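Engineer: attaching a predicted model along with its sequence, questions to come.
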Amino acid sequence: MAGHSHWAQIKRKKAVQDAKRGQLFTKLIREIIIAVRAGGSGDPELNPRLRAAIQAARAANMPKENIERAIKKALGLEEGTNYEEAVFEGYGPGGVAILINTITDNRRRTVSELRHLFSKHGGNLAEPGAVAWIFEQKGLIVVPKKDEEKILEIAIEKGAEDTKEYESEIEIVTDPSQFEDVKKALEEAKIEIISAKITMVPKTTVPVEDEATASSLLKLIEALDDHDDVQQVYANFDIPEKIMEALNK
């Protein structure tokens, strides 16, 4: 998963750029609205998904009033757009499985636009259930690769399922139920957290060792990620580090 980890680093840097031009704020506001409606509460202490959405918004330096306005819209206290969640599945170049979470106010439009993006970049939109089984929900915490022994000790003690070490980072994988416990223990130990979220992790990966295929795949994923209705894109590719580096020169 080295290539996949490298892509995650690129996405985190890109998220900062997105925030500057406002696209990330739009996506975060939609997530807050859906989180309130799905959780049935505008109180982050009673609504874990809302709590996570607010944390993500604060990490992106979203103004407090924007967060509060989004919660009010979700509660019907202010007029807002009627959003719904929709999950789409597809295959990218090299047979890579792609799972897409969206929040949209027009499902038909979203389907049409996603189908176009897949077709443009050498992939295809698939039927429901085609690739969802490949992914499972996990907690994923990324920390800098230092104090390794301390980090691994905390992870094991708090019930983390797995750890993966890369050149500059350590990924800690947890069951969603253990996520908050592991995250809190790391914070209390003064361990820097690069990112922490509940996400979808692939059970198996597909090696993509051809540079042209890898380039087309990453262009597709980036195009999907840039779509206004798309909240998260998950894929099960494994691109060698040397190819990732060559593509990002």
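Structural biologist: Noted; the coordinates are in hand.
Engineer: C-alpha only now, for contacts and for neighbours.
Structural biologist: OK.
Engineer: what ranges do the strands span in this protein?
Structural biologist: 84-91, 97-104, 124-126, 135-144, 162-165, 169-174, 195-202, 206-207, 230-235, 237-238 (DSSP state E).
Engineer: closest to residue 45 out of these?
Structural biologist: strand 195-202 (16.8 Å; CA to CA).
Engineer: I figured residue 199 hits residue 173, correct?
Structural biologist: No. In this structure, residue 199 is not within contact of residue 173 by CA atoms under 8 Å, at 9.9 Å.
Engineer: so which of the strands of the chain is the most surrounded?
Structural biologist: strand 237-238 (a mean of 24; mean count of other CA atoms under 10 Å).
Engineer: is the nearest residue to residue 86 once chain neighbours are set aside in a bridge, and if so with what?
Structural biologist: Nearest in space to residue 86, with sequence neighbours left out and distances taken as CA to CA, 6 or more residues apart in numbering, is residue 102 at 5.2 Å. Using DSSP bridges, the beta-bridge partners of residue 102 come out as residue 86, residue 230.
Engineer: go on, residue 140?
Structural biologist: With DSSP bridges as the rule, residue 140 is bridged to residue 173, residue 197.
Engineer: what pLDDT is listed against residue 118?
Structural biologist: pLDDT, residue 118: 97.
Engineer: grab the nearest non-local neighbour of it.
Structural biologist: residue 124 (5.0 Å).
Engineer: I figured the one you found was touching residue 115, is that so?
Structural biologist: Yes. Contact criterion CA under 8 Å: residue 124 and residue 115 qualify, at 6.8 Å.
Engineer: and the helices in the protein, which stretches?
Structural biologist: 2-21, 23-39, 48-59, 64-74, 107-120, 148-157, 179-188, 211-226, 241-247 (DSSP state H).
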